[in-house]
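A.B. asks: I would like the atomic coordinates for the input below:
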Amino acid sequence: MVRPERWARPWSLETWQPYAAVVLLVGAASAISALVVGTMAPVNLVMIYLLVVVISGLRWGLGPAVLASILGVLAFDFFFVPPRLSFTVHDAQYLMTFAALLVVALVIGTLTGRLRNHAAMLHRRERETAALYAFSRSMVVTRSVTEIAGAVIGHVARCFDRPVALQVQEAGRRDLRTVDFGVGLTPAEQEAARWVLDHGQPVGRSGTAGADLSVDCIPLKTGQGIVGVLVVRHRSASSPLSPDEHRLLEAFAAQAAVVLERARLAETARKAELLMETDKLQQALLHSISHSLRTPLASIIGGLTTVLDPGQEQLDAETRHDLLDTAREEAERLNWLVSNLLDMTRVESGHLKLNIDQYDLEDVIGAALGQTAVQLKDHPVRVQIAAELPLVSLDQVLVVQVLDNLIDNAAKYSQPGASIDIAVKQADDSVAVTVADRGVGVSEQDATRIFDKFYRVERPGSPSGTGLGLAICKGIVEAHGGRIWACPREGGGAEITFSLPIHPGSSARS
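C.D. replies: Residues are numbered from 1 along each chain as shown. Model (predicted):
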């Protein structure tokens with residue numbers, strides 16, 4: 001805690017104590033002189049009083065040293081210069097002794113007082129520098145406005161031993177958000193803080209305005225304006241901040257303002273970066289979705305237009321059936337694209353609801369294979385399921401959707417005739433499902449990004465897509481408390497594996 005020097009404090013009992021101690025020291029010096037006066041000349045007793053002056057200057061400063069000088073001369077004259085017990089001087093040479101004693105005592109008292117005051121000032125500045133350094137270190141590790149406010153309040157409260165509150169102005173708003181940790185501000189104090197925010201000048205009992213308040217309000221100024229107000233409450237009406245404390249408080253306020261402005265600028269930069277990323281995603285979404293939706297729509301419109309065109313009545317039944325079948329397939333593809341978009345929206349918004357129950361993974365895989373029969377018509381499938389697997393708690397519809405996406409992805413990137421392998425293994429407290437293909441494979445760099453939204457591996461001859469399928473798989477698997485990853489397959493191709501946790505009490509398959 002930083003405290004002002006005694007000379008800077010209001011007059012109190014503590015302020016008068018050094019002067020009372022000087023009176024006692026002069027009395028003690030007189031008593032000692034009375035004991036030895038018979039063994040030495042009275043003039044030599046002057047050294048005892050000079051010693052009192054030196055002690056007073058070193059211990060209490062200039063004021064007590066001057067008082068010791070005057071009292072020493074008077075005591076020496078009254079007790080030891082004939083006639084004793086009187087201030088009358090019969091021998092004129094004692095007048096020179098008095099004058100010399102007073103001058104020497106004043107010089108010694110002044111020098112020792114200045115030395116003490118200088119040492120006290122250096123010590124005070126050292127404490128202030130240490131406090132500012134500790135405050136700066138605490139500000140370095142803070143990031144958010146709430147963390148900064150807490151660090152400022154805690155440090156200033158410990159340093160000044162007073163209740164502290166911090167009012168922070170939100171960017172782009174006129175109202176102040178108070179962070180006080182239990183230090184409630186009265187309406188008058190809040191109005192004073194508002195005045196400080198508007199005018200940029202400190203108010204309070206220690207300042208030039210607001211002397212009727214029991215707080216000091218210090219503005220937090222930066223080059224961009226005022227970002228907040230630091231409020232320090234006094235312990236009592238008679239204990240305002242000293243000039244030294246007020247100067248240190250303003251230094252704290254200046255540093256806090258810089259840190260708060262840094263946090264605000266960082267938040268603005270993060271928002272700007274987020275807006276840029278959002279804009280990029282929107283552009284990618286529009287480009288990908290417009291291309292992916294336009295293709296099936298064009299096929300549907302073209303097929304139906306041909307069938308309904310009055311000039312195409314000569315088309316045979318088989319051709320009409322092929323055109324309608326193509327339109328149906330493209331409509332199903334369009335429906336699948338829209339479903340993926342809706343699923344991605346549900347995953348990102350946190351509205352994905354799980355209908356958890358215990359299921360046999362063999363049944364789940366069978367359901368997925370049934371739904372992807374069209375995609376697998378040119379690909380043999382091999383399924384390997386470890387024996388004695390327990391039932392797994394999952395949402396069957398969503399996990400089937402994960403398998404649908406993984407199987408469709410494997411078939412899409414594999415040449416006709418290439419096999420697709422599905423393996424299920426148990427590892428400690430989880431079950432891992434792997435879908436492996438013999439397609440173009442995946443690089444280590446792509447393996448860490450293919451689960452990002454709209455990311456697609458760009459390779460010659462790669463099939464079209466929106467880049468949402470694997471992102472949806474990741475969201476569903478993580479919603480189950482599992483994880484999903486990809487890696488190159490030995491011998492060529494790719495492996496995508498997801499694991500689901502086995503909860504305690506899961507029963508074994510019957």
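A.B. asks: and the helices in the stretch 251-400 of the chain?
C.D. replies: Assigned by DSSP state H, counting those that start in this stretch, the helices in the stretch 251-400 of the chain fall at 317-349, 361-371, 396-412.
A.B. asks: where does the stretch 101-250 of the chain have low pLDDT?
C.D. replies: Within the stretch 101-250 of the chain, the segments meeting pLDDT under 70 span 101-102, 105, 109, 124, 128, 130-144, 146, 170-184, 204-212, 235-242.
A.B. asks: could you redo the last one with a cut-off of 80?
C.D. replies: Across the stretch 101-250 of the chain, the ranges flagged by pLDDT under 80 are 101-194, 196-215, 218, 220-228, 230-250.
A.B. asks: hey, which of the helices of the stretch 251-400 of the chain is tucked in deepest?
C.D. replies: Greatest average neighbour count among the helices of the stretch 251-400 of the chain goes to helix 396-412 (a mean of 22), per mean count of other CB atoms under 10 Å. In this view, the C-beta of every residue, glycine as well, is placed from N, C-alpha and C.
A.B. asks: give me the mean pLDDT for the helix or strand just after it.
C.D. replies: Where DSSP states H and E defines the elements, the next helix or strand beyond helix 396-412 is strand 420-427. Average pLDDT, strand 420-427: 91.
A.B. asks: the next helix or strand after strand 420-427: partners in the sheet, and parallel or antiparallel?
C.D. replies: Using DSSP H and E, the helix or strand that follows strand 420-427 in sequence is strand 430-436. Paired with strand 430-436 in the same sheet, following DSSP bridges, are strand 420-427 (antiparallel), strand 494-501 (antiparallel).
A.B. asks: for Gln401, find the nearest of those strands.
C.D. replies: Closest approach to Gln401 among those is made by strand 494-501 (12.0 Å; CB to CB).
A.B. asks: what angle separates that closest one from helix 361-371?
C.D. replies: Interaxial angle, strand 494-501 versus helix 361-371 (axes from the mean of the first three to the mean of the last three CA atoms, to 10 degrees): 140 degrees.
A.B. asks: if we can go back for a sec, can you put the helices of the stretch 251-400 of the chain in TSV and add mean pLDDT and distance to Gln224?
C.D. replies: As requested, those are arranged in TSV below (pLDDT from 0 to 100; distance: least, CB to CB, whole Å):
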stretch	mean pLDDT	distance to Gln224
helix 317-349	73	35
helix 361-371	90	58
helix 396-412	87	49
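A.B. asks: show the contacting residues for the residue lying closest to Trp485 once chain neighbours are set aside.
C.D. replies: Nearest residue to Trp485, sequence neighbours excluded (CB to CB, 6 or more residues apart in numbering): Thr497, at 6.0 Å. Applying CB atoms under 8 Å, 6 or more residues apart in numbering, we find Thr497 in contact with 432-435, 484-487.
A.B. asks: tell me which of those residues is nearest to Val107?
C.D. replies: Trp485 (85.6 Å).
A.B. asks: closest one to Asp428 among the helices of the stretch 251-400 of the chain?
C.D. replies: helix 361-371 (16.3 Å).
A.B. asks: let's have the helices of the stretch 251-400 of the chain in TSV, adding distance to Gly38.
C.D. replies: Compiled in TSV, the helices of the stretch 251-400 of the chain are given as follows (distance: least, CB to CB, whole Å):
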stretch	distance to Gly38
helix 317-349	102
helix 361-371	114
helix 396-412	110
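A.B. asks: Pro187 is nearest to which of the ones you listed?
C.D. replies: With CB to CB as the measure, helix 317-349 is the member of these nearest Pro187 (41.9 Å).
A.B. asks: re earlier: now list the buried members of the contacts of Thr497.
C.D. replies: Burial by neighbour count, judged by 16 or more other CB atoms under 10 Å, picks out 432-435, 484-486 from the contacts of Thr497.
A.B. asks: in which helix or strand would I find Val232?
C.D. replies: Counting by DSSP H and E, Val232 is part of strand 225-233.
A.B. asks: tabulate the contacts of Thr497 (JSON lines), appending distance to Ser69 and pLDDT.
C.D. replies: Output for these, formatted as JSON lines (distance: CB to CB, whole Å; pLDDT from 0 to 100):
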{"residue": "Ala432", "distance to Ser69": "93", "pLDDT": "92"}
{"residue": "Val433", "distance to Ser69": "96", "pLDDT": "93"}
{"residue": "Thr434", "distance to Ser69": "97", "pLDDT": "93"}
{"residue": "Val435", "distance to Ser69": "99", "pLDDT": "93"}
{"residue": "Ile484", "distance to Ser69": "89", "pLDDT": "91"}
{"residue": "Trp485", "distance to Ser69": "87", "pLDDT": "90"}
{"residue": "Ala486", "distance to Ser69": "91", "pLDDT": "90"}
{"residue": "Cys487", "distance to Ser69": "91", "pLDDT": "89"}
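A.B. asks: and the furthest pair within the residues you listed?
C.D. replies: For these, the maximum inter-member distance is 14.3 Å, found between Val433 and Cys487 (CB to CB).
A.B. asks: one step back: Ala447 versus the residue nearest to Trp485, what's the distance?
C.D. replies: Using CB to CB, to the nearest Å, Thr497 is found at 11 Å from Ala447.
A.B. asks: ok, back up a step: quick one: list the elements packing against the strand holding Val232.
C.D. replies: Contact here means 3 or more CB pairs under 8 Å, 6 or more residues apart in numbering; DSSP states H and E; on that basis strand 225-233 packs against helix 145-160, strand 164-169, helix 187-199, strand 215-222, helix 243-308.
A.B. asks: nearest to Asp378 among the buried ones among the contacts of Thr497?
C.D. replies: Val435 (16.5 Å).
A.B. asks: so the closest one makes contact with Asp408?
C.D. replies: No. At 10.0 Å, Val435 does not count as touching Asp408 under the criterion of CB atoms under 8 Å.
A.B. asks: about what we covered before: now do the shared contacts for Thr497 and Ala447.
C.D. replies: The contact lists of Thr497 and Ala447 share 485-487, where a contact means CB under 8 Å, 6+ apart.
A.B. asks: what about those residues, which are in helices?
C.D. replies: Assignment to helices by DSSP state H places none of the shared contacts of Thr497 and Ala447 there.
A.B. asks: tell me how far Val23 lies from Leu67.
C.D. replies: As judged by CB to CB, Val23 and Leu67 stand 8 Å apart.
A.B. asks: between these two, who's got more neighbours?
C.D. replies: Using other CB atoms under 10 Å as the criterion, Val23 and Leu67 rank with Leu67 on top: 19 against 13.
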